[in-house]
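1. Can you look at this prediction? I've put the sequence above it.
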Amino acid sequence: MSVAELKARHVAATETVNSLRERLQQKRLLLLDTDDLIEVVAVAGYAKAHGKSSVSFGATDLVCCRTLQGHTGKVYSLDWTPEKNRIVSASQDGRLIVWNALTSQKTHAIKLPCAWVMTCAFSPTGQFVACGGLDSVCSIFNLNSPSDKDGNLPESKMLSGHKGYVSSCQYVPDEDTHLITSSGDHTCVLWDITTGLRTSVFGGEFQSGHTADVLSVSINGSNSRMFVSGSCDSTARLWDTRVASRAVRTFHGHEGDVNTVKFFPDGNRFGTGSDDGTCRLFDIRTGHQLQEYYQQHSDDEVRHVTSIAFSISGRLLFAGYSNGDCYVWDTLLAQVVLNLGSLQNSHESRISCLGLSADGSALCTGSYDTNLKIWAFGGHRKVI
Amino acid sequence: METDSTPMDDSLPSPGEPRREDQHRTPSPSTLLPKTQPNGFYGKHRLAAAISNLQNQINYLQEELDQLEEIGEASIVCKELISSVESIPDPLLPLSKGPTNINWDRWFKGAQNSRKRWI
(Lines give C-alpha, C1' and ligand atoms only; values in the text may rest on other atoms or scores of the structure.)
Protein backbone atom coordinates (compact mmCIF):
# COMPACT_ATOMS: atom_id res chain seq x y z
CA MET A 1 0.00 0.00 0.00
CA SER A 2 1.31 3.43 -0.86
CA VAL A 3 1.91 6.17 1.67
CA ALA A 4 -0.89 8.18 0.11
CA GLU A 5 -3.31 5.32 0.61
CA LEU A 6 -2.18 4.83 4.17
CA LYS A 7 -2.66 8.52 4.85
CA ALA A 8 -6.19 8.32 3.49
CA ARG A 9 -6.95 5.36 5.74
CA HIS A 10 -5.57 7.20 8.71
CA VAL A 11 -7.78 10.18 8.00
CA ALA A 12 -10.84 7.98 7.69
CA ALA A 13 -10.06 6.05 10.86
CA THR A 14 -9.57 9.25 12.84
CA GLU A 15 -12.92 10.54 11.62
CA THR A 16 -14.58 7.35 12.76
CA VAL A 17 -12.99 7.57 16.18
CA ASN A 18 -14.15 11.15 16.61
CA SER A 19 -17.69 10.36 15.55
CA LEU A 20 -17.89 7.34 17.86
CA ARG A 21 -16.62 9.42 20.78
CA GLU A 22 -19.35 11.97 20.17
CA ARG A 23 -22.07 9.32 20.02
CA LEU A 24 -20.78 7.72 23.20
CA GLN A 25 -20.87 11.03 25.01
CA GLN A 26 -24.45 11.67 23.89
CA LYS A 27 -25.51 8.18 24.88
CA ARG A 28 -24.00 8.57 28.34
CA LEU A 29 -25.85 11.83 28.85
CA LEU A 30 -29.14 10.15 27.96
CA LEU A 31 -28.60 7.36 30.47
CA LEU A 32 -27.62 9.64 33.34
CA ASP A 33 -31.02 9.34 34.97
CA THR A 34 -30.64 5.63 35.71
CA ASP A 35 -28.87 5.14 38.98
CA ASP A 36 -27.08 1.90 38.54
CA LEU A 37 -26.24 1.21 34.94
CA ILE A 38 -24.79 -2.18 35.67
CA GLU A 39 -27.73 -3.66 37.49
CA VAL A 40 -30.51 -2.55 35.17
CA VAL A 41 -30.00 -5.41 32.79
CA ALA A 42 -31.96 -7.71 35.11
CA VAL A 43 -35.38 -6.72 36.35
CA ALA A 44 -34.66 -7.49 40.00
CA GLY A 45 -31.75 -5.07 40.07
CA TYR A 46 -33.79 -2.32 38.48
CA ALA A 47 -36.78 -2.94 40.75
CA LYS A 48 -34.63 -2.89 43.90
CA ALA A 49 -32.86 0.25 42.78
CA HIS A 50 -36.25 1.88 42.39
CA GLY A 51 -37.37 1.00 45.88
CA LYS A 52 -39.79 -1.82 45.11
CA SER A 53 -40.44 -4.05 48.08
CA SER A 54 -41.24 -7.71 47.93
CA VAL A 55 -44.75 -9.14 48.02
CA SER A 56 -45.44 -10.33 51.53
CA PHE A 57 -48.01 -12.99 52.34
CA GLY A 58 -49.46 -13.61 55.76
CA ALA A 59 -49.58 -17.23 56.90
CA THR A 60 -53.22 -17.70 55.92
CA ASP A 61 -53.44 -15.44 52.89
CA LEU A 62 -53.22 -17.99 50.08
CA VAL A 63 -55.26 -21.03 50.99
CA CYS A 64 -56.42 -24.22 49.40
CA CYS A 65 -60.19 -23.74 49.24
CA ARG A 66 -61.20 -26.77 47.14
CA THR A 67 -59.83 -30.23 46.52
CA LEU A 68 -61.22 -31.85 43.38
CA GLN A 69 -61.13 -35.62 43.77
CA GLY A 70 -62.11 -38.10 41.13
CA HIS A 71 -59.18 -39.10 38.99
CA THR A 72 -57.64 -42.46 39.78
CA GLY A 73 -54.31 -41.73 38.18
CA LYS A 74 -51.75 -38.92 38.01
CA VAL A 75 -53.11 -35.61 36.75
CA TYR A 76 -51.06 -34.44 33.78
CA SER A 77 -52.80 -31.36 32.50
CA LEU A 78 -55.56 -28.89 33.28
CA ASP A 79 -57.21 -25.88 31.66
CA TRP A 80 -59.83 -23.35 32.80
CA THR A 81 -62.70 -22.03 30.71
CA PRO A 82 -62.31 -18.41 29.66
CA GLU A 83 -65.61 -17.74 31.42
CA LYS A 84 -67.22 -19.02 34.60
CA ASN A 85 -65.58 -21.60 36.79
CA ARG A 86 -65.04 -24.79 34.84
CA ILE A 87 -61.86 -26.79 34.53
CA VAL A 88 -60.97 -29.73 32.32
CA SER A 89 -58.27 -32.11 33.54
CA ALA A 90 -56.48 -35.03 31.91
CA SER A 91 -55.10 -37.98 33.78
CA GLN A 92 -53.08 -41.16 33.52
CA ASP A 93 -56.37 -42.94 34.24
CA GLY A 94 -57.27 -42.28 30.60
CA ARG A 95 -60.02 -39.82 31.35
CA LEU A 96 -60.84 -36.18 30.92
CA ILE A 97 -62.96 -34.76 33.72
CA VAL A 98 -64.79 -31.46 33.45
CA TRP A 99 -65.33 -29.83 36.84
CA ASN A 100 -67.27 -26.94 38.21
CA ALA A 101 -64.48 -25.64 40.41
CA LEU A 102 -66.82 -23.58 42.56
CA THR A 103 -69.14 -26.44 43.51
CA SER A 104 -66.54 -29.22 43.08
CA GLN A 105 -69.04 -31.09 40.93
CA LYS A 106 -67.98 -33.16 37.94
CA THR A 107 -70.04 -32.31 34.90
CA HIS A 108 -68.39 -34.73 32.45
CA ALA A 109 -66.10 -37.73 32.75
CA ILE A 110 -64.84 -38.64 29.30
CA LYS A 111 -63.25 -42.02 28.77
CA LEU A 112 -60.64 -41.52 26.09
CA PRO A 113 -60.08 -43.90 23.16
CA CYS A 114 -56.38 -43.64 23.88
CA ALA A 115 -55.56 -43.71 27.56
CA TRP A 116 -52.14 -42.12 27.17
CA VAL A 117 -53.20 -38.52 27.35
CA MET A 118 -50.71 -35.73 28.06
CA THR A 119 -52.58 -32.49 27.50
CA CYS A 120 -56.05 -30.96 27.45
CA ALA A 121 -57.60 -27.60 26.66
CA PHE A 122 -60.96 -25.85 26.82
CA SER A 123 -62.28 -24.04 23.75
CA PRO A 124 -62.96 -20.29 24.08
CA THR A 125 -66.75 -20.76 24.21
CA GLY A 126 -66.43 -23.63 26.65
CA GLN A 127 -68.36 -25.93 24.36
CA PHE A 128 -65.44 -28.14 23.33
CA VAL A 129 -62.44 -29.76 24.95
CA ALA A 130 -59.36 -30.94 23.14
CA CYS A 131 -56.77 -33.46 24.25
CA GLY A 132 -53.73 -35.23 22.90
CA GLY A 133 -51.05 -37.68 23.89
CA LEU A 134 -49.07 -40.69 22.84
CA ASP A 135 -51.48 -41.54 20.05
CA SER A 136 -50.10 -38.50 18.16
CA VAL A 137 -53.63 -37.30 17.60
CA CYS A 138 -55.46 -34.28 18.97
CA SER A 139 -59.07 -35.26 19.75
CA ILE A 140 -61.95 -32.82 20.06
CA PHE A 141 -65.07 -33.51 22.14
CA ASN A 142 -68.31 -31.54 22.04
CA LEU A 143 -69.56 -31.27 25.63
CA ASN A 144 -73.10 -30.62 24.44
CA SER A 145 -73.41 -33.75 22.36
CA PRO A 146 -75.19 -36.79 23.78
CA SER A 147 -73.25 -39.78 25.05
CA ASP A 148 -73.30 -43.00 23.04
CA LYS A 149 -74.93 -46.24 24.18
CA ASP A 150 -71.98 -47.06 26.44
CA GLY A 151 -72.26 -43.69 28.13
CA ASN A 152 -69.16 -42.38 26.40
CA LEU A 153 -68.86 -39.03 24.70
CA PRO A 154 -67.91 -39.62 21.07
CA GLU A 155 -65.03 -37.70 19.49
CA SER A 156 -66.37 -34.92 17.30
CA LYS A 157 -63.06 -34.51 15.47
CA MET A 158 -59.67 -36.14 15.28
CA LEU A 159 -56.72 -34.03 14.19
CA SER A 160 -54.16 -36.40 12.72
CA GLY A 161 -50.85 -35.56 11.15
CA HIS A 162 -48.26 -35.37 13.89
CA LYS A 163 -45.55 -38.00 13.68
CA GLY A 164 -44.93 -37.95 17.40
CA TYR A 165 -46.79 -37.52 20.68
CA VAL A 166 -48.91 -34.43 21.25
CA SER A 167 -47.40 -32.78 24.32
CA SER A 168 -49.47 -29.62 24.56
CA CYS A 169 -52.44 -27.94 22.91
CA GLN A 170 -54.13 -24.58 23.15
CA TYR A 171 -57.10 -23.07 21.32
CA VAL A 172 -56.51 -19.79 19.53
CA PRO A 173 -58.36 -17.22 21.66
CA ASP A 174 -61.79 -16.05 20.46
CA GLU A 175 -62.29 -18.91 18.02
CA ASP A 176 -63.39 -22.48 18.59
CA THR A 177 -62.10 -23.26 15.11
CA HIS A 178 -58.33 -23.18 15.48
CA LEU A 179 -55.84 -24.62 17.88
CA ILE A 180 -52.10 -25.04 18.14
CA THR A 181 -50.36 -28.24 19.19
CA SER A 182 -46.76 -29.06 20.10
CA SER A 183 -45.29 -32.46 19.46
CA GLY A 184 -42.52 -34.95 20.02
CA ASP A 185 -42.01 -34.80 16.24
CA HIS A 186 -40.19 -31.43 16.77
CA THR A 187 -43.01 -29.37 15.27
CA CYS A 188 -45.91 -27.19 16.27
CA VAL A 189 -49.01 -27.20 14.15
CA LEU A 190 -51.86 -24.73 13.65
CA TRP A 191 -55.03 -26.72 12.92
CA ASP A 192 -58.28 -25.78 11.24
CA ILE A 193 -60.67 -27.83 13.32
CA THR A 194 -63.58 -27.47 10.91
CA THR A 195 -61.71 -29.23 8.12
CA GLY A 196 -59.41 -31.24 10.37
CA LEU A 197 -56.47 -30.10 8.28
CA ARG A 198 -53.14 -28.51 9.18
CA THR A 199 -53.11 -24.81 8.30
CA SER A 200 -49.39 -24.46 9.10
CA VAL A 201 -46.51 -26.57 10.35
CA PHE A 202 -43.82 -24.76 12.35
CA GLY A 203 -40.45 -26.45 12.12
CA GLY A 204 -39.92 -30.01 10.98
CA GLU A 205 -37.61 -31.59 8.46
CA PHE A 206 -38.10 -29.11 5.65
CA GLN A 207 -38.01 -25.93 7.69
CA SER A 208 -35.90 -24.51 10.45
CA GLY A 209 -37.31 -24.89 13.93
CA HIS A 210 -36.80 -26.91 17.06
CA THR A 211 -34.28 -29.69 16.86
CA ALA A 212 -35.88 -31.88 19.49
CA ASP A 213 -39.27 -32.70 21.02
CA VAL A 214 -41.46 -29.66 21.59
CA LEU A 215 -43.06 -29.86 25.02
CA SER A 216 -45.18 -26.77 25.43
CA VAL A 217 -46.92 -23.91 23.63
CA SER A 218 -48.43 -20.65 24.76
CA ILE A 219 -50.39 -18.23 22.58
CA ASN A 220 -50.06 -14.48 23.14
CA GLY A 221 -53.27 -13.26 24.76
CA SER A 222 -52.74 -9.74 23.35
CA ASN A 223 -51.82 -10.82 19.82
CA SER A 224 -53.05 -14.27 18.92
CA ARG A 225 -50.81 -14.41 15.85
CA MET A 226 -47.81 -14.91 18.11
CA PHE A 227 -47.01 -17.98 20.14
CA VAL A 228 -44.02 -19.40 21.94
CA SER A 229 -42.88 -22.99 22.15
CA GLY A 230 -40.48 -24.74 24.54
CA SER A 231 -38.42 -27.77 23.64
CA CYS A 232 -36.00 -30.48 24.68
CA ASP A 233 -33.44 -28.59 22.58
CA SER A 234 -33.18 -26.17 25.54
CA THR A 235 -34.59 -23.25 23.60
CA ALA A 236 -37.83 -21.38 23.46
CA ARG A 237 -38.94 -20.02 20.09
CA LEU A 238 -41.30 -17.23 19.18
CA TRP A 239 -43.46 -17.82 16.10
CA ASP A 240 -45.72 -15.72 13.92
CA THR A 241 -48.54 -17.92 12.63
CA ARG A 242 -48.28 -16.22 9.25
CA VAL A 243 -44.66 -17.27 8.82
CA ALA A 244 -44.16 -20.99 9.27
CA SER A 245 -40.78 -21.19 7.59
CA ARG A 246 -38.76 -19.97 10.51
CA ALA A 247 -39.12 -18.74 14.08
CA VAL A 248 -39.22 -14.99 14.66
CA ARG A 249 -36.65 -15.46 17.40
CA THR A 250 -34.91 -18.20 19.32
CA PHE A 251 -34.25 -17.74 23.01
CA HIS A 252 -31.21 -19.43 24.47
CA GLY A 253 -30.15 -19.63 28.09
CA HIS A 254 -31.66 -22.74 29.55
CA GLU A 255 -29.38 -25.70 30.14
CA GLY A 256 -32.00 -28.40 29.92
CA ASP A 257 -35.39 -29.27 28.44
CA VAL A 258 -37.78 -26.34 28.44
CA ASN A 259 -40.84 -28.09 29.85
CA THR A 260 -43.20 -25.19 30.03
CA VAL A 261 -43.73 -21.76 28.46
CA LYS A 262 -46.33 -19.14 29.33
CA PHE A 263 -46.96 -15.69 27.93
CA PHE A 264 -46.81 -12.83 30.40
CA PRO A 265 -50.13 -10.96 30.83
CA ASP A 266 -49.01 -7.88 28.88
CA GLY A 267 -48.06 -9.98 25.87
CA ASN A 268 -44.59 -8.48 25.52
CA ARG A 269 -42.73 -11.14 27.52
CA PHE A 270 -43.01 -14.78 28.34
CA GLY A 271 -41.83 -17.12 31.07
CA THR A 272 -40.19 -20.52 30.78
CA GLY A 273 -39.51 -23.42 33.15
CA SER A 274 -36.87 -26.05 32.61
CA ASP A 275 -35.19 -29.25 33.73
CA ASP A 276 -32.25 -27.03 34.70
CA GLY A 277 -34.33 -25.97 37.70
CA THR A 278 -34.70 -22.35 36.61
CA CYS A 279 -37.54 -20.24 35.34
CA ARG A 280 -36.70 -17.31 33.09
CA LEU A 281 -38.46 -14.23 31.80
CA PHE A 282 -37.72 -13.16 28.22
CA ASP A 283 -38.70 -10.01 26.35
CA ILE A 284 -40.05 -10.77 22.88
CA ARG A 285 -39.09 -7.49 21.26
CA THR A 286 -35.47 -7.20 22.34
CA GLY A 287 -34.84 -10.91 22.80
CA HIS A 288 -33.26 -10.20 26.18
CA GLN A 289 -33.51 -12.51 29.13
CA LEU A 290 -34.94 -10.15 31.73
CA GLN A 291 -34.66 -12.33 34.79
CA GLU A 292 -33.76 -15.76 36.04
CA TYR A 293 -35.68 -17.38 38.92
CA TYR A 294 -33.56 -19.88 40.74
CA GLN A 295 -33.09 -20.72 44.37
CA GLN A 296 -29.86 -22.37 45.46
CA HIS A 297 -30.11 -25.41 47.65
CA SER A 298 -27.43 -27.18 49.61
CA ASP A 299 -28.65 -30.66 48.79
CA ASP A 300 -28.45 -32.78 45.65
CA GLU A 301 -32.19 -33.04 45.14
CA VAL A 302 -33.24 -32.74 41.52
CA ARG A 303 -35.76 -29.98 40.95
CA HIS A 304 -37.12 -29.80 37.42
CA VAL A 305 -39.66 -27.08 36.74
CA THR A 306 -42.76 -28.88 35.48
CA SER A 307 -45.22 -26.04 34.94
CA ILE A 308 -45.65 -22.29 35.40
CA ALA A 309 -48.39 -19.68 35.48
CA PHE A 310 -48.45 -15.92 36.03
CA SER A 311 -50.96 -14.12 38.22
CA ILE A 312 -53.21 -11.77 36.26
CA SER A 313 -50.96 -8.73 36.75
CA GLY A 314 -47.80 -10.75 36.26
CA ARG A 315 -46.49 -9.83 39.71
CA LEU A 316 -46.53 -13.47 40.81
CA LEU A 317 -44.99 -16.44 39.01
CA PHE A 318 -46.26 -19.81 40.18
CA ALA A 319 -43.84 -22.65 39.47
CA GLY A 320 -44.37 -26.33 40.10
CA TYR A 321 -41.29 -28.50 40.62
CA SER A 322 -40.70 -32.23 40.29
CA ASN A 323 -39.90 -32.56 44.00
CA GLY A 324 -43.35 -31.36 45.08
CA ASP A 325 -42.51 -27.74 45.71
CA CYS A 326 -44.69 -25.02 44.25
CA TYR A 327 -42.90 -21.74 44.60
CA VAL A 328 -44.63 -18.42 44.34
CA TRP A 329 -42.06 -16.00 42.94
CA ASP A 330 -42.24 -12.23 43.09
CA THR A 331 -41.42 -11.69 39.41
CA LEU A 332 -40.10 -8.17 39.87
CA LEU A 333 -37.76 -8.91 42.76
CA ALA A 334 -36.95 -12.54 41.88
CA GLN A 335 -37.69 -13.77 45.38
CA VAL A 336 -39.68 -16.76 46.54
CA VAL A 337 -42.51 -15.36 48.67
CA LEU A 338 -44.35 -18.60 49.39
CA ASN A 339 -44.13 -22.34 48.82
CA LEU A 340 -47.58 -23.78 48.21
CA GLY A 341 -46.01 -27.20 48.45
CA SER A 342 -45.29 -26.73 52.12
CA LEU A 343 -48.64 -25.25 53.12
CA GLN A 344 -51.25 -27.09 55.06
CA ASN A 345 -53.56 -29.11 52.88
CA SER A 346 -51.13 -29.19 50.01
CA HIS A 347 -50.56 -31.92 47.43
CA GLU A 348 -48.79 -35.08 48.47
CA SER A 349 -46.81 -35.43 45.31
CA ARG A 350 -45.35 -33.40 42.45
CA ILE A 351 -47.46 -30.68 40.88
CA SER A 352 -47.57 -31.41 37.16
CA CYS A 353 -49.78 -28.58 35.93
CA LEU A 354 -50.99 -25.16 36.99
CA GLY A 355 -53.52 -22.70 35.67
CA LEU A 356 -55.09 -19.44 36.65
CA SER A 357 -58.84 -18.78 36.40
CA ALA A 358 -59.88 -16.21 33.80
CA ASP A 359 -60.44 -13.43 36.35
CA GLY A 360 -57.22 -14.26 38.16
CA SER A 361 -58.95 -14.96 41.46
CA ALA A 362 -57.94 -18.61 41.74
CA LEU A 363 -55.06 -20.89 40.90
CA CYS A 364 -55.66 -24.55 40.14
CA THR A 365 -52.89 -27.08 40.65
CA GLY A 366 -52.94 -30.66 39.37
CA SER A 367 -50.77 -33.34 40.87
CA TYR A 368 -49.42 -36.86 40.59
CA ASP A 369 -51.39 -37.46 43.81
CA THR A 370 -54.50 -37.66 41.48
CA ASN A 371 -56.10 -34.50 42.88
CA LEU A 372 -56.63 -30.96 41.73
CA LYS A 373 -56.64 -28.12 44.23
CA ILE A 374 -57.96 -24.59 44.02
CA TRP A 375 -56.05 -21.82 45.78
CA ALA A 376 -57.36 -18.33 46.41
CA PHE A 377 -56.56 -15.26 48.48
CA GLY A 378 -58.48 -15.39 51.72
CA GLY A 379 -56.70 -12.64 53.61
CA HIS A 380 -57.28 -8.96 53.93
CA ARG A 381 -56.68 -7.00 50.73
CA LYS A 382 -55.22 -3.54 50.69
CA VAL A 383 -55.99 -1.40 47.67
CA ILE A 384 -53.38 1.11 46.48
CA MET B 1 -34.69 -9.44 -3.66
CA GLU B 2 -32.25 -7.50 -1.58
CA THR B 3 -31.50 -3.94 -2.57
CA ASP B 4 -28.40 -2.25 -1.35
CA SER B 5 -29.02 1.37 -0.64
CA THR B 6 -26.00 3.52 -0.10
CA PRO B 7 -26.56 6.99 1.24
CA MET B 8 -25.80 9.92 -1.01
CA ASP B 9 -22.26 11.02 -0.54
CA ASP B 10 -22.79 14.46 0.86
CA SER B 11 -19.31 14.99 2.19
CA LEU B 12 -18.23 16.70 -1.02
CA PRO B 13 -18.81 20.42 -0.73
CA SER B 14 -20.81 22.00 -3.52
CA PRO B 15 -19.38 25.02 -5.28
CA GLY B 16 -19.50 28.12 -3.18
CA GLU B 17 -19.96 26.30 0.10
CA PRO B 18 -17.22 26.34 2.69
CA ARG B 19 -15.30 23.09 3.02
CA ARG B 20 -16.97 20.80 5.62
CA GLU B 21 -13.62 20.12 7.21
CA ASP B 22 -13.38 23.71 8.38
CA GLN B 23 -16.68 23.39 10.21
CA HIS B 24 -15.53 20.51 12.44
CA ARG B 25 -15.02 21.39 16.05
CA THR B 26 -12.57 18.53 16.46
CA PRO B 27 -9.17 18.96 14.82
CA SER B 28 -9.10 18.16 11.13
CA PRO B 29 -7.96 14.56 10.62
CA SER B 30 -5.28 15.63 8.17
CA THR B 31 -3.46 17.60 10.87
CA LEU B 32 -3.18 14.51 13.04
CA LEU B 33 -1.14 12.54 10.55
CA PRO B 34 2.26 11.52 11.81
CA LYS B 35 5.07 13.33 10.09
CA THR B 36 6.50 11.32 7.24
CA GLN B 37 10.13 11.00 6.43
CA PRO B 38 11.36 12.14 3.00
CA ASN B 39 12.02 8.61 1.79
CA GLY B 40 8.50 7.44 2.85
CA PHE B 41 9.60 4.05 4.25
CA TYR B 42 9.82 4.98 7.92
CA GLY B 43 6.60 6.97 7.46
CA LYS B 44 4.76 3.91 6.16
CA HIS B 45 5.54 1.96 9.29
CA ARG B 46 4.43 4.76 11.53
CA LEU B 47 1.28 5.26 9.53
CA ALA B 48 0.45 1.58 9.60
CA ALA B 49 1.02 1.47 13.36
CA ALA B 50 -1.10 4.55 13.88
CA ILE B 51 -3.91 3.09 11.80
CA SER B 52 -3.77 -0.14 13.75
CA ASN B 53 -3.98 1.84 16.96
CA LEU B 54 -6.97 3.78 15.68
CA GLN B 55 -8.67 0.56 14.65
CA ASN B 56 -8.31 -0.77 18.19
CA GLN B 57 -9.84 2.42 19.50
CA ILE B 58 -12.71 2.06 17.04
CA ASN B 59 -13.39 -1.50 18.19
CA TYR B 60 -13.29 -0.51 21.83
CA LEU B 61 -15.57 2.49 21.34
CA GLN B 62 -18.05 0.47 19.28
CA GLU B 63 -18.19 -2.17 22.00
CA GLU B 64 -18.88 0.45 24.63
CA LEU B 65 -21.61 1.96 22.50
CA ASP B 66 -23.22 -1.44 22.00
CA GLN B 67 -23.17 -2.08 25.74
CA LEU B 68 -24.74 1.27 26.54
CA GLU B 69 -27.31 0.67 23.84
CA GLU B 70 -28.24 -2.59 25.49
CA ILE B 71 -28.41 -1.09 28.96
CA GLY B 72 -30.55 1.74 27.65
CA GLU B 73 -32.90 -0.73 26.04
CA ALA B 74 -33.01 -3.00 29.05
CA SER B 75 -33.70 -0.07 31.32
CA ILE B 76 -36.68 0.98 29.21
CA VAL B 77 -37.93 -2.60 29.16
CA CYS B 78 -37.67 -2.92 32.95
CA LYS B 79 -39.50 0.34 33.44
CA GLU B 80 -42.27 -0.82 31.14
CA LEU B 81 -42.54 -4.18 32.83
CA ILE B 82 -42.93 -2.66 36.29
CA SER B 83 -45.45 -0.15 35.05
CA SER B 84 -47.52 -2.84 33.33
CA VAL B 85 -47.50 -5.10 36.41
CA GLU B 86 -48.53 -2.30 38.75
CA SER B 87 -51.40 -1.14 36.57
CA ILE B 88 -53.51 -4.32 36.74
CA PRO B 89 -55.71 -5.18 39.75
CA ASP B 90 -54.63 -8.61 41.01
CA PRO B 91 -56.92 -10.70 43.25
CA LEU B 92 -54.05 -12.84 44.53
CA LEU B 93 -51.95 -9.96 45.88
CA PRO B 94 -52.28 -8.65 49.44
CA LEU B 95 -51.50 -5.19 48.12
CA SER B 96 -52.85 -4.31 44.70
CA LYS B 97 -54.22 -1.61 42.52
CA GLY B 98 -58.02 -1.37 42.57
CA PRO B 99 -60.82 -1.66 41.87
CA THR B 100 -61.51 -4.95 43.57
CA ASN B 101 -64.31 -7.16 42.41
CA ILE B 102 -66.72 -8.83 44.79
CA ASN B 103 -66.62 -12.00 42.66
CA TRP B 104 -63.00 -12.53 43.61
CA ASP B 105 -64.20 -13.82 46.97
CA ARG B 106 -66.71 -16.32 45.63
CA TRP B 107 -64.34 -19.15 46.59
CA PHE B 108 -64.97 -18.43 50.25
CA LYS B 109 -68.72 -18.06 50.24
CA GLY B 110 -70.84 -20.79 51.72
CA ALA B 111 -73.48 -23.15 50.46
CA GLN B 112 -75.53 -20.42 48.80
CA ASN B 113 -73.45 -20.67 45.62
CA SER B 114 -74.25 -24.32 44.97
CA ARG B 115 -77.88 -23.45 44.42
CA LYS B 116 -77.02 -21.47 41.33
CA ARG B 117 -76.62 -23.07 37.94
CA TRP B 118 -73.11 -22.53 36.73
CA ILE B 119 -73.16 -24.68 33.60
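-> Received, thanks.
2. shaky segments in chain B?
-> B:1-42, B:110-119 (pLDDT under 70).
3. ok, which stretches of it are helices?
-> Assigned by DSSP state H, chain B shows helices spanning B:41-86.
4. wait, B:Leu95 sits on A:Phe377?
-> No: the pair B:Leu95 and A:Phe377 fails to qualify as a contact (CB atoms under 8 Å) at a distance of 11.1 Å. To be clear about C-beta, it is placed using only N, CA and C from the backbone, and glycine gets the same treatment.
5. how about the residues of the stretch 51-200 of chain A near chain B?
-> A:52, A:55-58, A:61-62, A:65-66, A:84-86, A:100, A:102-103, A:107 (CB under 8 Å from any CB of the partner chain).
6. what about 6 Å?
-> Applying CB under 6 Å from any CB of the partner chain, we find that the stretch 51-200 of chain A lies next to chain B at A:Asp61, A:Cys65, A:Lys84, A:Asn85, A:Asn100, A:Leu102, A:Thr103, A:Thr107.
7. Point out the least confident member of those, please.
-> Within these, A:Lys84 has the lowest pLDDT, namely 77.
8. Just give me the neighbour total for it.
-> 15 (other CB atoms under 10 Å in any protein chain shown).
9. secondary structure class for it?
-> With DSSP: H, G, I helix; E, B strand; the rest coil as the basis, A:Lys84 sits in coil.
10. measure it to A:Thr107 for me?
-> 11 Å (CB to CB, to the nearest Å).
11. Write a ChimeraX command that selects only the buried members of the residues of the stretch 51-200 of chain A next to chain B.
-> Per 16 or more other CB atoms under 10 Å in any protein chain shown, the buried members of those correspond to this ChimeraX selection:
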select /A:61,65,85,100,102,103
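12. hmm, back to that, who has more neighbours out of B:Leu95 and A:Phe377?
-> A:Phe377 (26 against 13).
13. Check the gap between that one and A:Gly271 for me.
-> Remark: distance between A:Phe377 and A:Gly271 (CB to CB) = 21 Å.
14. same check, this time on A:Ser357
-> 18 Å.
15. Looking at the two, which is more packed in?
-> Applying other CB under 10 Å to A:Ser357 and A:Gly271 shows that A:Gly271 carries more neighbours, namely 30 against 24.
16. in a strand, that's where the more buried one is, yeah?
-> Yes: checked against three-state DSSP, A:Gly271 lies within a strand.
17. My read is that it contacts A:Ile308, right?
-> Yes: with contact defined as CB atoms under 6 Å, A:Gly271 reaches A:Ile308; the gap is 5.4 Å.
18. Need the residues touching each of these two.
-> Both A:Gly271 and A:Ile308 are contacted by A:Lys262, A:Cys279, under the criterion CB atoms under 6 Å, 6 or more residues apart in numbering or on different chains.
19. Check whether the helix or strand where A:Leu281 lies comes near chain B.
-> Using DSSP states H and E, A:Leu281 sits in strand A:279-283. Yes: judged by CB under 6 Å from any CB, strand A:279-283 and chain B are in contact via A:Asp283.
20. I'd like to know which elements the helix or strand just after that strand is packed against.
-> Note on strand A:279-283: by DSSP H and E, the next helix or strand toward the C-terminus is strand A:289-293. Strand A:289-293 sits against helix A:43-49, strand A:279-283, with contacts defined as 3 or more CB pairs under 6 Å, 6 or more residues apart in numbering or on different chains; DSSP states H and E.
21. Just the pLDDT at the residue nearest to A:Tyr294 when sequence neighbours are not counted, thanks.
-> Excluding the flanking residues, the one nearest A:Tyr294 by CB to CB, 6 or more residues apart in numbering or on different chains is A:Thr278, at 4.3 Å. With respect to pLDDT, A:Thr278 scores 96.
22. Same check on the one 5 residues further on?
-> Turning to A:Asp283, the model gives it a pLDDT of 93.
23. For A:Phe227, list each beta-bridge partner.
-> When bridges are called by DSSP bridges, A:Phe227 pairs up with A:Ile219, A:Trp239.
24. Please apply the same query to A:Gly320.
-> Residues in a beta bridge with A:Gly320, per DSSP bridges, are A:Ser307, A:Cys326.
25. May I have the residues that are in contact with it?
-> Taking CB under 6 Å, 6+ apart, one finds A:Thr306, A:Ser307, A:Cys326, A:Ile351, A:Leu354 in contact with A:Gly320.
26. Okay, the residue positioned nearest the centre of chain A and chain B: tell me how far apart.
-> Taking CA atoms, centre = their mean as the criterion, A:Lys262 is the residue nearest the geometric centre of chain A, at 2.1 Å. As judged by CB to the nearest CB, to the nearest Å, A:Lys262 and chain B stand 15 Å apart.
27. contacts for the helix or strand in which that residue is found?
-> Assigned by DSSP H and E, A:Lys262 belongs to strand A:258-263. With CB under 6 Å, 6+ apart as the test, strand A:258-263 has contacts from A:215-216, A:218, A:220, A:228, A:230-231, A:236, A:270-274, A:306-308.
28. quick one, phi/psi of the residue in the stretch 201-350 of chain A that chain B sits nearest to?
-> Residue nearest to chain B within the stretch 201-350 of chain A (CB to the nearest CB): A:Ser313, separated by 3.8 Å. Main-chain dihedrals, A:Ser313, degrees, to the nearest 10: phi -90, psi -20.
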